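Visitor: kindly return the folded structure for what I paste below:
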Amino acid sequence: MNRIQTRRALAGLAAVILGAGLLAGCGGSGGNDEPAATGASAPLFDQLPQKFQDSKVIEVGSDIAYAPMEYYDTDGETVLGFDKELTLALSEQLGVTFDWNNATFDGLITQLKSGKIDVAISGMSDTKDRQSEVDFVDYYVAGAMILVKKGNPEGIQSLADLCGKTIAVQRGTTQEGYAQEQSAKCDEPIQILSFDRETEAMLQVKNGRAVAGMQDYPVATYNARTSGGGNDFEVVGDQIQAGPLGIAVGKDDTGLRDALQKALQAIIDDGTYAALIKKYETPLGAVESATINAGS
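Guide: Predicted coordinates for the structure are as follows:
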């Protein structure tokens, strides 16, 4: 299957789960949008390393199947979501475009370290373990939440309630780690089904092959609100270990990291960031300042 076919397949899967009419509701646009302020006319263009001033492109790696953070429109090509719109706002400050490239989540840090991408933006939690490999510009706060079928037939309210049950998660995520940690505490272990795509994990819950899934706060609440017109899932319990999500940057690319931090702070200060948080109905995710490696 070639890349375009893969994208279209993912878009079709997202439409099944989220509802095609709702996929277009979050705004955003495609991967080659030009910022209104380009090149040297942008406020922070001169803060970028020379190679980005020359290319005027920052290559983004992302698992583009994680609504509402990033996902494909029904055409299978146009990238939508909070993270996509965040990069459009950052483009206004930096004067360069962010070119989005699809990849599996657990391969993003490897691609970043090998130089195939310049940044990873994919609802990625900033953790101490990941900081040993990459730096983060933190732009959001989220914890994991448990997602179950509507009506919560198993009566699940916490991680402890998952002992002895089957759950579905995305491979390489902090949620998979939380499930593994909890399973080690259980008298009867949790059966963990791990998938490359979050949409695949959701289907297991929807079809009854898993009693629950775990997702970041904005993703879980979005899916509960929109999938099947709000009739497929519900969120239970409290956020688990809420912490920052960050734009991942290579350890050696401090110039790009610092320019991104300044651009993020600029859109926080001018109200653009707050408007984006309001649009996506995720008030608990807002940060007050742009930090670097604030995760623990």
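
Visitor: going forward, measure contacts and count neighbours with C-alpha atoms only.
Guide: OK.

Visitor: tell me what Val148 is bridged to.
Guide: Ala212, Glu234 (DSSP bridges).

Visitor: ok, it - contacts?
Guide: Ile156, Val205, Val211, Ala212, Gly213, Phe233, Glu234, Val235, Val236 (CA atoms under 8 Å, 6 or more residues apart in numbering).

Visitor: so can I have CSV of those residues showing pLDDT, neighbour count and distance to Asp270?
Guide: Compiled in CSV, the contacts of Val148 are given as follows (pLDDT from 0 to 100; neighbours: other CA atoms under 10 Å; distance: CA to CA, whole Å):
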residue, pLDDT, neighbour count, distance to Asp270
Ile156, 97, 18, 42
Val205, 97, 22, 41
Val211, 98, 22, 43
Ala212, 98, 28, 40
Gly213, 97, 31, 37
Phe233, 97, 25, 36
Glu234, 96, 21, 35
Val235, 96, 26, 33
Val236, 96, 18, 35
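
Visitor: nearest to Glu70, of those?
Guide: Gly213 (18.7 Å; CA to CA).

Visitor: hang on, that closest one packs against Thr199?
Guide: No: under the criterion of CA atoms under 8 Å, Gly213 makes no contact with Thr199, lying 10.7 Å away.

Visitor: where do the helices sit along the stretch 1-150 of the chain?
Guide: 3-18, 20-23, 50-55, 82-94, 108-114, 128-131 (DSSP state H, counting those that start in this stretch).

Visitor: and the fifth one, what does it pack onto?
Guide: When you say that, I think you mean helix 108-114. strand 57-62, strand 119-120, strand 233-250 (3 or more CA pairs under 8 Å, 6 or more residues apart in numbering; DSSP states H and E).

Visitor: residue contacts, the nearest residue to Gly151 once chain neighbours are set aside?
Guide: Distance criterion CA to CA, 6 or more residues apart in numbering; nearest residue to Gly151, sequence neighbours excluded, is Glu234 at 7.3 Å. Residues in contact with Glu234 (CA under 8 Å, 6+ apart) are Leu147, Val148, Lys149, Lys150, Gly151, Asn152, Thr221, Ala224, Arg225.

Visitor: state the distance from Glu234 to Asn223.
Guide: 8 Å (CA to CA, to the nearest Å).

Visitor: swap in Gln180?
Guide: With CA to CA as the criterion, Gln180 and Asn223 are 23 Å apart.

Visitor: and the spatially most central residue of the chain, what pLDDT?
Guide: In the chain, the residue lying closest to the centroid (CA atoms, centre = their mean) is Gly123, at 2.3 Å. Gly123 is assigned a pLDDT of 93 by the prediction.

Visitor: show me the contacts for it.
Guide: If you count contacts by CA under 8 Å, 6+ apart, then Gly123 has Met69, Asp83, Asp216, Leu245, Gly246 around it.

Visitor: of those, select the buried ones using a PyMOL command.
Guide: Here is the PyMOL command that selects the buried residues among the contacts of Gly123 (16 or more other CA atoms under 10 Å):
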select buried, resi 69+83+216+245+246
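
Visitor: and which of the contacts of Gly123 is nearest to Val119?
Guide: Gly246 (10.1 Å).

Visitor: burial of the residue lying closest to the closest one once chain neighbours are set aside, as a residue count?
Guide: In space, and not counting its chain neighbours, Gly246 is closest to Asp138: 4.0 Å by CA to CA, 6+ apart. Applying other CA atoms under 10 Å, we find 26 residues neighbouring Asp138.

Visitor: Gly39 too?
Guide: With other CA under 10 Å as criterion, Gly39 counts 23.

Visitor: one more: Asn207?
Guide: 11.

Visitor: let's number from 31 now, not from 1
Guide: Noted, 31 is the first residue going forward, which turns the last one into Asn237.

Visitor: how close does it get to Ala198?
Guide: 11 Å.

Visitor: what of Ala240?
Guide: From Ala240 to Ala198 the distance is 6 Å (CA to CA).

Visitor: and Gly285, by the same measure?
Guide: 39 Å.

Visitor: of those two, who's got more company?
Guide: Ala198 (28 against 14).

Visitor: on that earlier part again, least confident of the helices of the stretch 31-180 of the chain, on average?
Guide: Taking the mean pLDDT of those, helix 50-53 comes last: a mean of 35.

Visitor: Met154: what's its closest spatial neighbour, skipping adjacent residues?
Guide: Leu275 (5.3 Å).
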